[in-house]
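Participant: sequence-free structure coming up:
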């Protein structure tokens, strides 16, 4: 029975991991708006995203290998934050930058494809 529960839990673990990665983007971007945690509303939102992101990562780690899950979590956060930095903060939108973001995304997808979980 435990095996069947783990098989059913695998797709959900990946969904939880993606949610955790998206929330990591939220708190990384939120840090910019907190202005060093001097702005109350952005600070509360940022800390909330941090806590919930860690919670979803923790749930995903019940099923997924820590190395894979952590790399995917940080990859989603890093690539998404870099992309949002261009949109929200006018950071350089150079082809080299997007190529490197693409490499991060390729690595995340590659980890998903080669993961036995």
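Facilitator: Noted; the coordinates are in hand. As the structure is a computational prediction, the values presented were derived from the model and not from experiment.

Participant: Next up, the contacts around residue 82.
Facilitator: Contact criterion Cβ atoms under 8 Å, 6 or more residues apart in numbering gives 91, 97, 101, 104 as the residues in contact with residue 82. Backbone N, C-alpha and C define where each C-beta goes, glycine included.

Participant: what about the third one, distance to residue 89?
Facilitator: The one in question is residue 101. When Cβ to Cβ, to the nearest Å is the yardstick, residue 101 and residue 89 sit 15 Å from each other.

Participant: of those two, who's got more company?
Facilitator: Between residue 101 and residue 89, counted using other Cβ atoms under 10 Å, the more crowded position is residue 101 (18 against 9).

Participant: Was I right to think that one contacts residue 81?
Facilitator: No - counting by Cβ atoms under 8 Å, residue 101 stays clear of residue 81, with 9.8 Å between them.

Participant: which residue sits closest to the residue most central in space within the chain, ignoring its sequence neighbours?
Facilitator: Using Cα atoms, centre = their mean, the residue of the chain that lies closest to the mean C-alpha position is residue 21, 1.6 Å off. Closest residue to residue 21 in three dimensions, ignoring its sequence neighbours and counting by Cβ to Cβ, 6 or more residues apart in numbering: residue 76, at 2.7 Å.

Participant: Need the per-residue pLDDT for residue 99.
Facilitator: At residue 99, the pLDDT value in this model is 94.

Participant: Could you do residue 108 as well?
Facilitator: 85.

Participant: Quick one: neighbours of it, just the number.
Facilitator: By other Cβ under 10 Å, 22 other residues sit near residue 108.
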